[in-house]
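Undergrad: just coords:
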């Protein structure tokens, strides 16, 4: 107990002068996460290229097709055993990473990296409609945890490093460092933390440098957009409503597909996974455009500009195959596939607007870009991340205003419909049978967390002693206008104050949620 008290005192003293330390830790995280995620990108590129060569090789030969389908069944069984060996490597990995940060899980970092790497590469080689971005978030977080474990970082630093590693993973996957930083703050932490912001920016930029060194400066989507005239913004309002409803429907359908797959309990999971991989093989032989993350579909938009009927066909086929692939729990993400779906919805709007309303032809690609951001915002409910992500994916600043307009409308519509954000749903399902954090150590450390009091908060104008913080929490500092104030019972809190709070690791998730609810509760 005395060692714990000394550790706690050191943390409080160190919190006041940690800027350089955060930058160094951010560099460590960025290098480790960037290298792991770049290696994963290379593996997936080779896997997808290999898949296309195999499909070309077996075309027209019944014997070769039969052998290929049999191999896919074997690969499906192998992936099933990989996820059984390391269950935390199943799916996209973002919910598991959030659970680790919030104190519900304690993932085995090296097992997750191995299982995710092999399982994700195998799934893409087999053609499943899964992307690299969710796995990259988890791989980045686990690489950061590995660094923190090997350097014996304290629990507060470790959680920050895992968070920043997740953002660095997204930065390396998309070549989008700002979106990676925003993803950490908006989607994983749901709050603004200056220490986290500092470390996350350094980690994401470092990972992006590494990604650029291997893959170059090219943006993921190469679009030449033209600015939409203001008198046509009424189309964006309709588009935002449609994308908002589509995003809400996407969340409901994907969760329903996952539940349906899990209800099939009489068939062993290896057999079910073999069937999923077999179906993927059949899809690859008949409709190869919808395989993998969707790079071929995105290229088709840029080069062929499909007709309206083909756009609808590809959109629905990709959506259904994506839900089928995701429901299986095979290692792989949904971020890139959902961006492709959004791009196709945007292309449909652009096609109709040009042919029926008479908007100039050059605006087609503008609608494609807007569609990506709008669907991302309605599904993930992270509009700022969506706006920045699409800007970095395309490198086009001219579309910022229409992107923001559609993203905010689609976000509001999805919220109004009432469905929960996609990754929040997955997180709740991941932790539904977990009552407390999974701790591997006998000693339970105190973790430092910072919370900023928002405008209109119910705690504004109240004394610290008047608020129920919980017996496992201790306010160690109140920072007002960059000036630290020693907290006392009669200290009056104000909007914009940053609270530095020590929280028991054992009750981390519960206490963080209660404090967030307390400070975000609006004043009556």
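TA: Looks like it came in fine. Everything quoted here is computed from the prediction, not taken from an experiment.

Undergrad: hey, let's count contacts and neighbours off CA atoms from now on
TA: Will do.

Undergrad: now do the phi/psi pair for residue 498.
TA: phi -100, psi 120 (degrees, to the nearest 10).

Undergrad: in this structure it contacts residue 476, no?
TA: No. Counting by C-alpha atoms under 8 Å, residue 498 does not reach residue 476; the two are 11.0 Å apart.

Undergrad: of the two, give the one with the bigger neighbour count.
TA: Each of residue 498 and residue 476 has its neighbours counted (other C-alpha atoms under 10 Å); residue 498 has more, 24 against 16.

Undergrad: quick one: distance of stretch 510-524 to the chain centre.
TA: How far stretch 510-524 lies from its chain's middle: 24 Å, per C-alpha atoms, centre = their mean, to the nearest Å.

Undergrad: swap that for stretch 478-498, sorry
TA: Put simply, stretch 478-498 sits 33 Å off its chain's centre (C-alpha atoms, centre = their mean).

Undergrad: now for the residue lying closest to residue 392 once chain neighbours are set aside: which residues touch it?
TA: Leaving aside its sequence neighbours, residue 392 sits nearest to residue 176 (C-alpha to C-alpha, 6 or more residues apart in numbering; 5.5 Å). Contacts for residue 176 (C-alpha atoms under 8 Å, 6 or more residues apart in numbering) come out as 170, 208, 389, 392, 393.

Undergrad: do you know the pLDDT at residue 176?
TA: pLDDT, residue 176: 87.

Undergrad: now it: phi and psi?
TA: Torsion angles at residue 176 (phi, psi; degrees, to the nearest 10) stand at phi -140, psi 80.

Undergrad: that one and residue 492, how far apart?
TA: 41 Å (C-alpha to C-alpha, to the nearest Å).

Undergrad: now the helix or strand harbouring residue 475: average pLDDT?
TA: Using DSSP states H and E, residue 475 sits within strand 473-480. In this model, strand 473-480 has a mean pLDDT of 83.

Undergrad: next SSE downstream of it?
TA: Toward the C-terminus from strand 473-480 - assigned by DSSP H and E - lies strand 483-485.

Undergrad: mind listing what's buried in that next one?
TA: residue 484 (16 or more other C-alpha atoms under 10 Å).

Undergrad: need the longest helix for this protein.
TA: When the chain is parsed with DSSP state H, its longest helix is helix 19-58.

Undergrad: what's the following helix or strand after it?
TA: Sequence order places helix 62-85 as the next helix or strand after helix 19-58, per DSSP H and E.

Undergrad: any low-confidence regions in this protein?
TA: By pLDDT under 70, the low-scoring segments of the chain are 1-18, 189-193, 219-226, 396-397, 433-445, 505-509, 524.

Undergrad: tell me where it has strands.
TA: Taking DSSP state E, the strands of the chain run over residues 446-452, 473-480, 483-485, 498-504.

Undergrad: could the ones you listed go into a markdown table alongside distance to residue 267?
TA: Shown next, in a markdown table, are the strands of the chain (distance: least, C-alpha to C-alpha, whole Å):
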| stretch | distance to residue 267 |
| --- | --- |
| strand 446-452 | 44 |
| strand 473-480 | 47 |
| strand 483-485 | 60 |
| strand 498-504 | 43 |
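
Undergrad: and the strand holding residue 475 with strand 498-504, angle?
TA: 160 degrees (axes from the mean of the first three to the mean of the last three C-alpha atoms, to 10 degrees).

Undergrad: what sits up against strand 473-480?
TA: So strand 473-480 is contacted by 12, 484-487, 496-504, 511 (C-alpha under 8 Å, 6+ apart).

Undergrad: just flag the most distant two among those residues.
TA: 496 and 504 (24.6 Å; C-alpha to C-alpha).

Undergrad: looking at these two, which one has more neighbours?
TA: residue 504 (20 against 16).

Undergrad: correct me, but that one touches residue 446?
TA: Yes. Here residue 504 reaches residue 446: they are 4.7 Å apart, a contact under C-alpha under 8 Å.

Undergrad: is it true that residue 105 touches residue 88?
TA: No. In this structure residue 105 lies outside contact range of residue 88 using C-alpha under 8 Å: 9.4 Å.

Undergrad: got any residues that touch both of those two?
TA: Common neighbours of residue 105 and residue 88 (C-alpha under 8 Å, 6+ apart) are residue 96.

Undergrad: tell me which of those two has more neighbours.
TA: residue 88 (25 against 21).

Undergrad: residues touching the more buried one, list them.
TA: 96, 107, 112.

Undergrad: switch to 10 Å and redo it
TA: 95-97, 105-109, 111-112, 115-116, 138, 331, 430 (C-alpha atoms under 10 Å, 6 or more residues apart in numbering).

Undergrad: so which of those residues sit within helices?
TA: 95, 96, 97, 109, 111, 112, 115, 116, 138, 430.

Undergrad: please convert those residues to a markdown table, extending it with neighbour count.
TA: Shown next, in a markdown table, are those (neighbours: other C-alpha atoms under 10 Å):
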| residue | neighbour count |
| --- | --- |
| 95 | 24 |
| 96 | 24 |
| 97 | 28 |
| 109 | 20 |
| 111 | 16 |
| 112 | 23 |
| 115 | 23 |
| 116 | 31 |
| 138 | 33 |
| 430 | 17 |
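
Undergrad: ok, these vs residue 452, which is closest?
TA: Checking these against residue 452 with C-alpha to C-alpha, the nearest one is residue 97 at 23.2 Å.

Undergrad: ok, the nearest residue to that closest one once chain neighbours are set aside to residue 177 distance?
TA: Once flanking residues are discounted, residue 97 sits nearest to residue 138: 5.9 Å by C-alpha to C-alpha, 6+ apart. Look at residue 138 and residue 177: by C-alpha to C-alpha, they are 16 Å apart.

Undergrad: again, but for residue 361
TA: 32 Å.

Undergrad: kindly report the same for residue 163.
TA: For residue 163 relative to residue 177 (C-alpha to C-alpha), the value is 14 Å.

Undergrad: who has more neighbours out of the two?
TA: With neighbours defined as other C-alpha under 10 Å, residue 163 and residue 177 compare such that residue 163 has more, 33 against 29.
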